[in-house]
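Novice: Sequence first, predicted model second:
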Amino acid sequence: MVLLNKTIAQGLDFPWTVLFIQNVGTVVIGYLHPLLCGGPNKGGSKEVEELPFDERDMVRQHRTFFGIRVPRRARSRLFVLAQVTFFMGSLFLSLKALRYISVPLYVVARNTVSAQTALLERIFTSVRLSAPAILGLLLTIFGAVLYTYGDLRAGLALGGFVYALMLTFVVSACSIIDKTAVRTLGQEDIKPVEVNQIRVALALPVNLVFVAVFDAGFSPVEAPGRPGAMDRVDELAPALKGQLYQALMGMPPAVVASLLLSTLFGFGMGTFNFYLQQSVSAATVQVANILYKLCTTLISLVTHPAPVSGISWLGYACSLSGIALYTFAPRQ
């Protein structure tokens, strides 16, 4: 998915339009999923069975909107709103960061998310870490600083660094919000695949507004001869007029293929990781995650080559070693 988004970001610098296409594809696949894989489990989820008996039937009764079940509880709706906000932010920042920075630096930046997530969990849920786990997180941060230093010396754009830094903060919050939201909505017998579909479907209207304002250039303009007065909001900003249409029509085949594949991969990443955690051990998932990062980096050397200094590779090794140490460190 990282490599697909890297290809898209380099070939189509209209991130809100890219996100809209990907999100529409995810919603469509979400509708097809029950037809291809069977309907929801009628037996009820584990979270529902743990509720008091008189609450079970209530949480299973949902209003639907275009076939998508609407959460009943105010708490659940607030978590969905938070999910949408951080989901949109993480996708946008990911595309913008990948336009300016190399894939190895992107991987190193994402490795620091574990440290930030651990800090947030320590603050809000009082989760404690063992000394080896803390050492692993510190090594991850040191590796990221070392890699970034090497890239800055080689001419890394400051804008790309800022996007990457903002992305790590947003993704850290996302991981905690998503984990809590899946558990909270599970108490209403809403499955993870439905949680993902709800999140993406609610993001579409906001996404469309952002496409109109930031990508297509629909925005208020000052009326001629009337300082401070705004003309029609549907008038195209001259600087952007026609650029979006031309960019979409002129997309290279590689970008078109990456955009189509990213909708499928986006659905899978948003849904199947939770089911994977239910099917295999947590250690297996973490090993797969480390291998995925390593393979992504190695493949990017061929598909998206970028000059990497020796000090940056040293930072990358420190970062990946720190993640491995944190993953397999004993938990308190």
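Specialist: Received, thanks.

Novice: my guess is residue 94 contacts residue 4, does it?
Specialist: No: applying Cβ atoms under 8 Å, one finds residue 94 not in contact with residue 4, separated by 11.2 Å. For every residue, glycine as well, the C-beta is placed using N, CA and C.

Novice: Overlap in contacts, the two.
Specialist: Counting by Cβ atoms under 8 Å, 6 or more residues apart in numbering, residue 94 and residue 4 have no contacts in common.

Novice: I'd guessed residue 77 sits against residue 83; true?
Specialist: No: counting by Cβ under 8 Å, residue 77 sits too far from residue 83 to count as a contact (10.4 Å).

Novice: Would you mind pulling the contact partners of stretch 107-115?
Specialist: With Cβ under 8 Å, 6+ apart, stretch 107-115 has contacts from 2, 97, 101, 137-138, 140-141, 143-144, 147-148, 164-165, 167-168, 171-172, 175, 293, 296-297, 315-316, 319-320, 322-323, 326.

Novice: Which parts of the helix or strand containing residue 247 count as buried, going by neighbours?
Specialist: Using DSSP states H and E, residue 247 falls within helix 243-249. Buried residues in helix 243-249, counted by 16 or more other Cβ atoms under 10 Å: 243-244, 247-248.

Novice: Ok, stretch 100-117 next?
Specialist: 100-117.

Novice: Name the spans of the stretch 151-300 of the chain whose pLDDT lies under the cut-off.
Specialist: Applying pLDDT under 70 to the stretch 151-300 of the chain picks out residues 217-242, 268-288.

Novice: quick one on the thing from earlier: compile the buried residues of helix 243-249 into TSV and extend it with columns for distance to residue 18.
Specialist: Shown next, in TSV, are those (distance: Cβ to Cβ, whole Å):
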residue	distance to residue 18
243	14
244	11
247	10
248	10
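
Novice: isn't residue 321 right up against residue 143?
Specialist: Yes: the pair residue 321 / residue 143 is scored as a contact, 7.5 Å apart, by Cβ under 8 Å.

Novice: Can you pick out the residue with more neighbours from these two?
Specialist: Per other Cβ atoms under 10 Å, whichever of residue 321 and residue 143 has more neighbours is residue 143, with 24 against 14.

Novice: For that one, give its distance to residue 177.
Specialist: 26 Å (Cβ to Cβ, to the nearest Å).

Novice: what's the answer for residue 251, then?
Specialist: 33 Å.

Novice: quick one, which of those two is more surrounded?
Specialist: residue 177 (18 against 15).

Novice: Could you give the average pLDDT over stretch 70-81?
Specialist: Stretch 70-81 carries an average pLDDT of 84.

Novice: buried residues in that stretch?
Specialist: Residues of stretch 70-81 classed as buried: 71-72, 76, 79-80 (neighbour count, 16+ other Cβ under 10 Å).

Novice: Let me have the residues you listed in TSV, adding distance to residue 193 as columns.
Specialist: Formatted as TSV, these follow (distance: Cβ to Cβ, whole Å):
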residue	distance to residue 193
71	15
72	19
76	16
79	17
80	15
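
Novice: Let me know the closest of the residues you listed to residue 131.
Specialist: residue 79 (33.3 Å; Cβ to Cβ).

Novice: Can you give me every residue that contacts that closest one?
Specialist: 177, 180-181, 184-185.

Novice: Counting neighbours, which of those end up buried?
Specialist: Listed as buried from those are 177, 180-181, 184-185; burial here means 16+ other Cβ under 10 Å.

Novice: all helices of the chain, in order?
Specialist: Here the chain has its helices, by DSSP state H, at 2-11, 15-37, 46-49, 53-60, 74-100, 103-111, 113-124, 131-153, 158-186, 192-210, 243-249, 253-279, 282-303, 310-328.

Novice: Does anything pack onto the longest one? Which helices or strands?
Specialist: The helices and strands touching helix 158-186, judged by 3 or more Cβ pairs under 8 Å, 6 or more residues apart in numbering; DSSP states H and E, are helix 46-49, helix 74-100, helix 103-111, helix 113-124, helix 131-153, helix 192-210.

Novice: Isn't residue 293 up against residue 324?
Specialist: No: contact criterion Cβ under 8 Å: residue 293 and residue 324 do not qualify, at 10.3 Å.

Novice: neighbour count winner among these two?
Specialist: Taking other Cβ under 10 Å, residue 293 and residue 324 do not tie; residue 293 has more neighbours (22 against 16).

Novice: Without its sequence neighbours, what residue ends up closest to that one?
Specialist: Closest residue in space to residue 293, ignoring its immediate chain neighbours: residue 107 at 5.0 Å, by Cβ to Cβ, 6 or more residues apart in numbering.

Novice: what does residue 146 give?
Specialist: In space, residue 146 is closest to residue 315, 3.1 Å off (Cβ to Cβ, 6+ apart).

Novice: Thanks a lot, catch you later.
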